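Engineer: Provided below are the primary sequence and the corresponding predicted coordinates.
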Amino acid sequence: MKARLTCRAWILPVPFFVLACAPTEGDAKQDPWTEGEPTLLHPRAKTAALYAESTIVDFDVGFTEDAWLAFVAAWKPLKNKSTWFHCSFQFLGVRFLDAACRHKATSAKPASEKKPPLIVRFDKWDDTGRFFGVRKINLEANPDYPAPVRDRLGMWIMRRAGLMAPRVNHARVTLNGQPLGLYQNIEIIDHEFLEQRFDPPIGNLYEQDRNGWNLRTNGSTGNTKPVSDLETLLTAWKAAPSAALEEQLEATVDVGQVLRETAAEMVLPVCDNFSNGGYNFYLYQMADSRLVLLPWDLDEAISDRAPPDADPWTFLGNLANSNRFPAIGFHLRAMLFANPSWRAEYESDMLAVRDGAYGAAKDRLAQVCDQIRSHVADDPAAYGTIAEFDGDCGRIAERIAERSAYLRDALGR
């Protein structure tokens, strides 16, 4: 396999960064598909084209033959995602010559993956590396569902609900010019994400996993005290609830924002996110020192793992059948729901999301499924036939209607 070259020869034998052609900048035009979403704080000129929803974007990933064979060996069957491989990446005629690629752990069964879910990184070999204003591209391919739309629909609902959620569109991806498949292109939550949504974007970004807290920005400071203090507060509340601890919580997190995020997750519903006690979320410390919640990884939303009759106050999703230690959302949810005022605010938020963003979700789903249908049919690595794709889109629509009806009964209005 020979790499397709653009502008000049790419993978260089010496370890320094080269960008073949620099992207031009300018004012970003409003994508008609984003009307009704919150306006970002800063212009999106650098990143708008990457995440335009009114079109299917085209990416090409380039590998030398040896690098691709090594990539495949790490992808299957070992799922070794710690190794990065030199690659190139092209979009709109601009090729980044010295990128880094690895597969991302989407499925526990790599043998079932017809196409590798990909992370493309532009700052691996040089810290200053950026491409169209981002340092990473996140290409999702979930073998569990014929319709690759859940992340895109879920994040759209989050944004329409007024939350700072990643942008998602669809991308046709080629490998050295040959079709690799259709992917969901999901915006990474990192410093570049923050600088378009917060002013100033200098706070700490935290991610929790079963091993503890990871600092995703300002890593050199090692400062995990804000989230450790929150854990301490929740432990104290569990032992002896008090009004003083509730006041402390209001100074520690943006309670209204967390309630709205939790409500949006439960309306969907989700099965392995913040509201379930899962690890798929980020916490960001704003300039006023309070923490806000950022949604992540909605690939299981509106699925069999998140049924339409999921109780909006108690549903644990995957955690119910797991021995894993629950993430902080499990304990924070308990504290919030124990306060009658906060619980009432949560219920009001559910109503607003159900009748607003979620109420428009079936139309948006139909729009997205119609947009990508012919590309799914042409995808050499599609996870199902076109009839199965249509059926999955139909099931999602049915689930939305069933969830809305269930919530009307559960909330009594």
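Structural biologist: Structure received.
Engineer: Buried residues of the helix or strand of the chain with the lowest mean pLDDT, list them for me.
Structural biologist: Ranking every helix and strand in the chain by mean pLDDT, DSSP states H and E puts helix 65-75 at the bottom, with a mean of 92. By neighbour count on 16 or more other C-beta atoms under 10 Å, the buried set for helix 65-75 is 67-68, 71, 74-75. Bear in mind the C-beta positions are built from the backbone N, C-alpha and C, glycine included.
Engineer: need the helices for this protein, in chain order.
Structural biologist: Using DSSP state H, the helices of the chain run over residues 65-75, 150-160, 191-195, 225-239, 243-252, 255-267, 328-338, 340-355, 361-378, 386-411.
Engineer: could you point out where the stretch 101-250 of the chain is predicted with low confidence?
Structural biologist: 106-110 (pLDDT under 70).
Engineer: cool, the stretch 251-400 of the chain as well?
Structural biologist: Scanning the stretch 251-400 of the chain for pLDDT under 70 picks out the ranges 323.
Engineer: who are the neighbours in contact with Arg324?
Structural biologist: The contact partners of Arg324, by C-beta atoms under 8 Å, 6 or more residues apart in numbering, come to Arg210.
Engineer: gap between it and Asn318?
Structural biologist: Taking C-beta to C-beta, to the nearest Å as the measure, Arg324 falls 9 Å from Asn318.
Engineer: swap in Thr262?
Structural biologist: Here Thr262 is placed at a distance of 17 Å from Asn318 (C-beta to C-beta).
Engineer: what does Ser303 give?
Structural biologist: Per C-beta to C-beta, Ser303 is found 11 Å from Asn318.
Engineer: more crowded one of these two?
Structural biologist: Ser303 (21 against 17; other C-beta atoms under 10 Å).
Engineer: which residues sit in contact with the more buried one?
Structural biologist: 144-145, 150, 271.
Engineer: same question, Gly203
Structural biologist: Applying C-beta under 8 Å, 6+ apart, we find Gly203 in contact with 194, 217-218, 284-287.
Engineer: Report the beta-bridge partners for the closest residue to it other than its chain neighbours.
Structural biologist: Nearest-residue entry for Gly203: Gln285, 4.0 Å, with adjacent residues in sequence omitted and distances by C-beta to C-beta, 6 or more residues apart in numbering. The bridge-partner assignment for Gln285, based on DSSP bridges, gives Leu291.
Engineer: Quick check: can you list the domain ranges of the chain?
Structural biologist: With domains defined by automatic domain parsing, the chain comprises 55-194, 201-355.
Engineer: ok, the contacts of Ser303 vs Leu245, which is closest?
Structural biologist: Minimum distance to Leu245 across the contacts of Ser303 is 29.5 Å, recorded for Cys271 (C-beta to C-beta).
Engineer: Make JSON lines from the contacts of Ser303 and add distance to Phe132 and neighbour count to it.
Structural biologist: What follows is the contacts of Ser303, written out as JSON lines (distance: C-beta to C-beta, whole Å; neighbours: other C-beta atoms under 10 Å):
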{"residue": "Asp144", "distance to Phe132": "30", "neighbour count": "15"}
{"residue": "Tyr145", "distance to Phe132": "28", "neighbour count": "19"}
{"residue": "Arg150", "distance to Phe132": "25", "neighbour count": "26"}
{"residue": "Cys271", "distance to Phe132": "33", "neighbour count": "26"}
